[in-house]
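Engineer: take this sequence and fold it.
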Amino acid sequence: MHLGKLILATLLIFSTGFFAGVLFPHPQPATVQSALRPSGPPTTTPPLPNERRVEALRRFTQNLDLAPEQRERIESHIQESQERTRLLWDLVGPEVQDEFKRLRAQVVSELKPDQRKKFEELSKKYRRERSKSGEASGVSLPPPPTPPPAAPELQ
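Structural biologist: The predicted model follows:
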C-alpha cells in the first residue's frame, strides 16, 4: 500500500508542476536560463520533471561556502535522489503523460474557438521558449484536437 501512496504522491507532484508550467509559463531572463542548463554532455534519456529544481538546488549550494566534503556529500545526495526519481518516473511516466494528454484535451474542449486559438498560440510560444532555453520536460503534448464546427450564435 505504501508503494501505491508513493506513486500517487509522485504523480500528483509531477502533474501539478507540469500543468502549472504549461498553463502559466514564466519566461526567464537569459542569465537564469543559462544557469539552469545542465553542464556536461547531453543525455539520451529525457530529463526528469524536477530537473530544474535540482539545478536550482545545486546553484544555491554554490553560494554557501561549503567544505569540499560537504559539497561531495550533497552532490552524492542529489545524484542518489535523481536515480530514485528516475526509477519512479519510469514507473509512472507513461501514465502521467497519458493523463496530461487527457487533461489538455479536456481543457481545450471547454474553450471557445478564439480562446482555443490563443491557447494553441501560447502553447507553441511556451514550447519554443523551452526549446531555446535547453529545457525539455520529456513529456510530449498531443496535437491540438480538430475544432468542432462552429455553431451558429443565437442573439
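
Engineer: quick one, helices of this protein?
Structural biologist: Taking DSSP state H, the helices of the chain run over residues 2-23, 30-36, 51-62, 68-109, 113-132.

Engineer: of these, which shows the lowest average pLDDT?
Structural biologist: Here these differ in mean pLDDT, and the lowest is helix 30-36 at a mean of 45.

Engineer: dump the helices of the chain into a markdown table; add mean neighbour count as well.
Structural biologist: Yep, even glycine has a C-beta here, placed from its N, CA and C like the rest. Output for these, formatted as a markdown table (neighbours: other C-beta atoms under 10 Å):
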| stretch | mean neighbour count |
| --- | --- |
| helix 2-23 | 14 |
| helix 30-36 | 13 |
| helix 51-62 | 15 |
| helix 68-109 | 14 |
| helix 113-132 | 13 |
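
Engineer: distance of Glu83 from Lys101?
Structural biologist: Going from Glu83 to Lys101 by C-beta to C-beta, to the nearest Å gives 27 Å.

Engineer: check Val107 too.
Structural biologist: Distance from Val107 to Lys101, by C-beta to C-beta: 11 Å.

Engineer: Leu91 now?
Structural biologist: Taken as C-beta to C-beta, the span from Leu91 to Lys101 is 18 Å.

Engineer: what does Ser81 give?
Structural biologist: The gap separating Ser81 from Lys101 is 28 Å, by C-beta to C-beta.

Engineer: also Arg59?
Structural biologist: For Arg59, the distance to Lys101 (C-beta to C-beta) stands at 32 Å.

Engineer: just Tyr126 next, same as before
Structural biologist: 16 Å.

Engineer: ok, now Glu121?
Structural biologist: From Glu121 over to Lys101 the distance is 19 Å, taken as C-beta to C-beta.

Engineer: Ile13 now?
Structural biologist: According to C-beta to C-beta, Ile13 and Lys101 sit 19 Å apart.

Engineer: repeat that for Pro94.
Structural biologist: Distance check for Pro94 against Lys101: by C-beta to C-beta, it reads 11 Å.

Engineer: do Gly4 as well
Structural biologist: From Gly4 over to Lys101 the distance is 23 Å, taken as C-beta to C-beta.

Engineer: one more: Ala56?
Structural biologist: Distance of Ala56 to Lys101, given as C-beta to C-beta: 28 Å.

Engineer: all good on my end, thank you.
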